[in-house]
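# Provided below for reference: sequence and predicted model.
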Amino acid sequence: MKGLLLPSKLLLAELSGKVILWIGDTDGKTAQRLKQEGRHGVFAMADVEPITAWLEHLFDRESSGREIEPKATREVREESVRKWEALLRQ
């Protein structure tokens, strides 16, 4: 999927409120933002075992205590609105 995930598609994924699994550049701006939120998985391509463990933990609700149901956040919605408004002004 390298190069196919446009920022607008990522914003839609974030707006869904679901947890995102990011595989690729872990030092980029997007990866750092996802890491900072603390609930998304951010991994390099070679991190096969850590990705597997993260996915198993994510879907084991009893051990993870995480909800995997969509919960869109106001912050993500507001960021999306700001970006779309900026595009419309251009």
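Happy to help now that I have it.

# For the residue most central in space within the chain, grab phi and psi.
Nearest residue to the geometric centre of the chain (Cα atoms, centre = their mean): Ile20, 3.5 Å. Per-residue torsions, Ile20: phi -110, psi 140 (degrees, to the nearest 10).

# wait, what's in contact with it?
Residues near Ile20 by Cβ atoms under 8 Å, 6 or more residues apart in numbering: 10, 13-14, 34, 40-41. The C-beta positions use only the backbone N, C-alpha and C, and glycine is treated the same way.

# just the buried members of the residues you listed?
13-14, 34, 40-41 (16 or more other Cβ atoms under 10 Å).

# Which members of the residues you listed occur in helices, if any?
Residues of the buried ones among the contacts of Ile20 located in helices (DSSP state H): 13-14, 34.

# Columns distance to Ser80 on top of those, output as CSV?
Formatted as CSV, these follow (distance: Cβ to Cβ, whole Å):
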residue, distance to Ser80
Ala13, 11
Glu14, 8
Leu34, 15
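
# hmm, which two among the buried ones among the contacts of Ile20 are most spread apart?
Across those, the longest distance by Cβ to Cβ is 13.7 Å; it joins Glu14 and Gly41.

# Nearest to Ile51 among the buried ones among the contacts of Ile20?
The closest of those, once distances to Ile51 are taken by Cβ to Cβ, is Gly41, at 6.9 Å.

# hang on, the earlier thing: pick out whichever of the ones in helices among the buried ones among the contacts of Ile20 sits closest to Glu78.
Nearest to Glu78, judged by Cβ to Cβ, of those is Glu14 at 11.6 Å.
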